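Visitor: heads up, no residue letters with this:
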Ligand SMILES: Nc1ncnc2c1ncn2[C@@H]1O[C@H](COP(=O)(O)OP(=O)(O)OP(=O)(O)O)[C@@H](O)[C@H]1O
């Protein structure tokens, strides 16, 4: 569905390339997460794939063709939800969607139906300028879905949303995946990436040093630990032991012979651990 090989890109006024050598591919129906520190080049990569930035080196193929060879129907096949101004503030949510619907050559989803997907039906006739950041993000997502595209670009899709709303958005993304859509997202939320992505890639120093399923990367690079608290320890003192070879860890074994264990708690490896390892390399 998408194939990127040795992508390199430098902004006109920058002395160094933002992307040095980026290679990855995404299969149809996959949720792919591009992760990395601020300024790593995640949005830059997305903008190249969306044909907003030209002048790159390397190969970028989408829908089986080089993206430079695709005609304007490309924009009917992709949906884009970015944080930056994509909405008319003075218009209502409904008016915004009606306006964007008119830009597509093919059929679009009824506006009410689309607003219901992101739980905004009751706010349909309010001006966007009165919306919270999270509501604007949800309307942006709605806009991206209007024309039922097969490929979605989502930049930080749950930014500004409270945990309940973020849950609704993540469930929607998973429903879209179940419908066969391919989704490329960026997020700083590692737990979110872990939950919804089939594959994640870490972008760092203009390259992708790690790529794989969250489970595989956590297994390879994360660390599982056991946390122990005891009655005799200082308040807030927690002993932490790596699970690997714990049965031969003398300090742990001695602690287990004490009678004052208060709690034993296993901590699973997380993508946060992997992220920190990648950026500290
Ligand atoms: N128009 C531009 N001209 C020059 N440099 C730019 C331009 N846009 C972005 N950059 C630089 O390119 C680098 C990558 O920026 P980009 O926005 O792609 O990062 P990001 O990984 O998406 O960051 P964040 O997580 O903060 O959104 C940064 O150093 C940024 O300053």
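Guide: Now that the structure is in, tell me what you want to look at. Bear in mind the structure is a predicted one, so any value in this text is a computation, not a measurement.
Visitor: quick check: residue 92 vs residue 125, distance?
Guide: 5 Å (Cβ to Cβ, to the nearest Å). Quick note: C-beta positions are derived from backbone N, CA and C, even for glycine.
Visitor: more crowded one of the two?
Guide: residue 92 (18 against 10; other Cβ atoms under 10 Å).
Visitor: list the contacts of the more buried one.
Guide: Taking Cβ atoms under 8 Å, 6 or more residues apart in numbering as the criterion, residue 92 is in contact with 124-128.
Visitor: I'd like to know which of these are buried.
Guide: 124, 128 (16 or more other Cβ atoms under 10 Å).
Visitor: looking at the contacts of residue 92, which is nearest the ligand?
Guide: Comparing those against the ligand with Cβ to the nearest ligand atom places residue 128 closest, at 22.2 Å.
Visitor: next, count neighbours for the closest residue to residue 243 other than its chain neighbours.
Guide: Leaving aside its sequence neighbours, residue 243 sits nearest to residue 224 (Cβ to Cβ, 6 or more residues apart in numbering; 4.2 Å). When counting by other Cβ under 10 Å, one arrives at 16 neighbours for residue 224.
Visitor: quick one, phi/psi of residue 224?
Guide: phi -90, psi 140 (degrees, to the nearest 10).
Visitor: and it, how far from the ligand?
Guide: 28 Å (Cβ to the nearest ligand atom, to the nearest Å).
Visitor: which parts of stretch 137-146 are buried?
Guide: Using 16+ other Cβ under 10 Å as the test for burial, stretch 137-146 gives 137-146.
Visitor: and of these, the nearest to the ligand?
Guide: The ligand lies nearest to residue 137 out of the buried residues of stretch 137-146, by Cβ to the nearest ligand atom, at 14.0 Å.
Visitor: pretty sure the closest one contacts residue 154?
Guide: No - using Cβ atoms under 8 Å, residue 137 is not in contact with residue 154, being 9.6 Å away.
Visitor: which neighbours do these two share?
Guide: Contacts common to residue 137 and residue 154, judged by Cβ under 8 Å, 6+ apart, are residue 81.
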